[in-house]
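1. A structural model of the following input is requested.
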Amino acid sequence: MTPPRVLFLSKFPNGGSFIVRGKEVASQRPYWEALSPPPDGSIGPLLEWCDLVCIIKRIRAIGAYGTIDQGFPVNHLDEVHKAGKPIVFDVVDWWGQGSGKNHGAIVHNAQDARELFSIVCDTTVPEACIFANQKMHDDLSLVSPLSTFIYHHHKPIDVVPLRKEVRTVGYEGQVRYLGEWEQRLRFVCGCLGLEFIVNPIDFTDMDIGVSVRGGNASNYLSNNYKSNIKITNIMAAGIPVIAGDSETSAHEVDNGTIGFFSTEDELQAAIERLLDYDERCRIRKANLETAESFSLSRIADRYDGFFQRVVQ
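-> Residues are numbered from 1 along each chain as shown. Model prediction:
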């Protein structure tokens with residue numbers, strides 16, 4: 001069977017999701033293209049070339065409480081439909097998370113999430129969906145006739161040297177997502193004689209990596225549907241991971257070494273376990289082996305296999 005030619009598109013051409021799941025994934029096959037046509041232009045010539053279209057992140061945007069905002073350009077969707085090309089929706093961060101559009105405040109369970117996601121797919125039901133983790137797939141796959149889940153690949157990263165003594169616990173991301181955990185991390189690290197660092201220039205100064213959400217950022221949607229990318233980036237560097245117990249993606253990719261916590265005492269215990277050099281050596285080996293499953297080439301293979309299912 002001839003591999004399908006795939007056109008990756010997104011409303012957010014410079015966004016992290018399109019760079020990771022569009023441009024980087026598309027770079028793995030000569031018959032894939034990730035392009036950013038102007039919203040008011042035509043994609044007709046591109047559609048003549050491809051066999052299917054993969055739309056990343058959002059097909060239809062929704063505001064607070066189900067009000068509709070502009071999503072993927074309607075004129076482009078119309079062209080795709082007229083050309084008869086199958087649409088694969090790569091579902092990443094599809095809900096409102098900004099000021100005035102935080103759906104985390106109104107979605108409390110899987111049923112709420114399905115109802116909201118049905119609005120997203122109301123006018124454009126894709127032929128298939130790719131979800132960013134298994135939990136999102138389990139909750140939302142009924143909306144799509146064909147679906148799978150594909151994790152994020154880790155970024156190209158060097159394995160960091162392993163220091164004899166732990167000096168730092170590091171977090172990569174926006175500080176506001178930590179909520180109450182920012183002060184808890186600083187306090188616990190201070191008690192143990194460690195430094196808590198945010199967004200280090202690289203991972204060479206990170207002895208332990210942490211993934212956790214607090215405050216308004218800790219809700220059903222974010223806790224259950226956010227991707228694995230922070231976790232697998234840390235693993236690929238050979239660094240041990242600790243994570244909030246509500247981080248579903250962390251549980252899904254856990255190789256038995258992640259230290260989970262839900263209280264300050266559990267956080268301290270998770271860090272104290274990693275002060276032992278031999279324990280970190282053991283985890284380093286396990287994490288590097290696990291990271292191989294999340295390499296760009298491995299993840300691209302999963303996309304390729306699914307795209308072939310869509311066009312069969």
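
2. which SSE is E33 in?
-> Assigned by DSSP states H and E, E33 belongs to strand 32-34.

3. Do a quick rundown of the strands in the stretch 201-312 of the chain.
-> With DSSP state E, counting those that start in this stretch as the criterion, the stretch 201-312 of the chain has strands at 208-211, 241-244, 259-261.

4. okay if I get these as a markdown table plus distance to V166?
-> Yep, even glycine has a C-beta here, placed from its N, CA and C like the rest. Formatted as a markdown table, these follow (distance: least, CB to CB, whole Å):
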| stretch | distance to V166 |
| --- | --- |
| strand 208-211 | 6 |
| strand 241-244 | 12 |
| strand 259-261 | 13 |
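
5. Could you look up the SS state of V166?
-> Assigned state for V166: coil (three-state reduction, DSSP: H, G, I helix; E, B strand; the rest coil).

6. Give me the pLDDT for H76.
-> If you check H76, the pLDDT there is 82.

7. quick one on the thing from earlier: what is the rounded mean pLDDT of the strand holding E33?
-> Averaged over strand 32-34, pLDDT sits at 96.

8. quick one: strands adjacent to it?
-> In the sheet, strand 32-34 lines up against strand 6-10 (parallel) (DSSP bridges).

9. tell me which residues in the strand it pairs with are buried?
-> 6-10 (16 or more other CB atoms under 10 Å).

10. Could you check how far the residue nearest to the spatial centre of the chain is from I106?
-> Nearest to the mean C-alpha position of the chain, counting by CA atoms, centre = their mean, stands S227 at 2.7 Å. Applying CB to CB, to the nearest Å, the value for S227 to I106 is 22 Å.

11. Next: V53.
-> Applying CB to CB to V53 and I106 gives a distance of 31 Å.

12. between these two, which one's more packed in?
-> V53 (24 against 16; other CB atoms under 10 Å).

13. Let me see the ranges of the helices in this protein.
-> Along the chain, the segments classed as helices by DSSP state H run 16-18, 25-26, 44-49, 74-83, 110-120, 134-140, 181-191, 220-225, 229-236, 248-253, 264-273, 277-291, 296-311.

14. for the record, mean pLDDT for the second one?
-> Read that as helix 25-26. 98.

15. before we move on, back to that, need the residues that contact the strand holding E33.
-> By CB atoms under 8 Å, 6 or more residues apart in numbering, the residues outside strand 32-34 that reach it are 5-9, 18, 22-23, 25-27, 46, 49-50.

16. Report the buried members of those residues.
-> 5-9, 18, 22-23, 25-26, 46, 50.

17. nearest to A286, of the residues you listed?
-> A286 lies nearest to V25 out of these, by CB to CB, at 26.1 Å.

18. Return the residues in contact with the closest one.
-> 8, 32, 34, 153, 296, 299-300, 303.

19. Could you rerun that using 6 Å?
-> 300, 303 (CB atoms under 6 Å, 6 or more residues apart in numbering).

20. Kindly report the same for L296.
-> Per CB under 6 Å, 6+ apart, neighbours of L296: H153.

21. likewise the one 4 residues further on?
-> Neighbouring residues of A300 by CB under 6 Å, 6+ apart: 25, 28.

22. With L9 instead?
-> Shown in contact with L9 (CB under 6 Å, 6+ apart): I55.

23. just the buried residues of strand 6-10 now: which is nearest A128?
-> After measuring the buried residues of strand 6-10 against A128 - CB to CB - the closest member comes out as V6, at 11.8 Å.

24. how close does that closest one sit to D90?
-> On the measure of CB to CB, V6 and D90 end up 11 Å apart.

25. what sits in contact with each of the two?
-> C54.

26. how's the protein carved up into domains?
-> Using automatic domain parsing, the domain parsing of the chain gives 6-153+295-311, 168-293.

27. Correct me if wrong: V159 contacts M235.
-> No: using CB atoms under 6 Å, V159 is not in contact with M235; the gap is 10.4 Å.

28. quick one, which of the two is more surrounded?
-> Neighbour count, other CB under 10 Å: between V159 and M235, M235 has more, with 30 against 14.

29. thinking that one is in contact with A291, fair?
-> Yes: judged on CB under 6 Å, M235 makes contact with A291 at a distance of 4.7 Å.

30. For the stretch 1-150 of the chain, give me the ranges with low pLDDT.
-> 39, 60-71, 98-101, 123 (pLDDT under 70).

31. Quick one: end-to-end distance for stretch 124-132.
-> End-to-end distance for stretch 124-132, by CA to CA, to the nearest Å: 20 Å.

32. Ok, stretch 233-248 next?
-> End-to-end span of stretch 233-248 (CA to CA): 16 Å.

33. Name the residues that touch it?
-> Contacts of stretch 233-248 (CB under 6 Å, 6+ apart): 135, 154-155, 157, 159-160, 203, 206, 208-212, 223-224, 231, 250, 258-260, 262, 270, 274, 280, 283-284, 287-288, 290-291.
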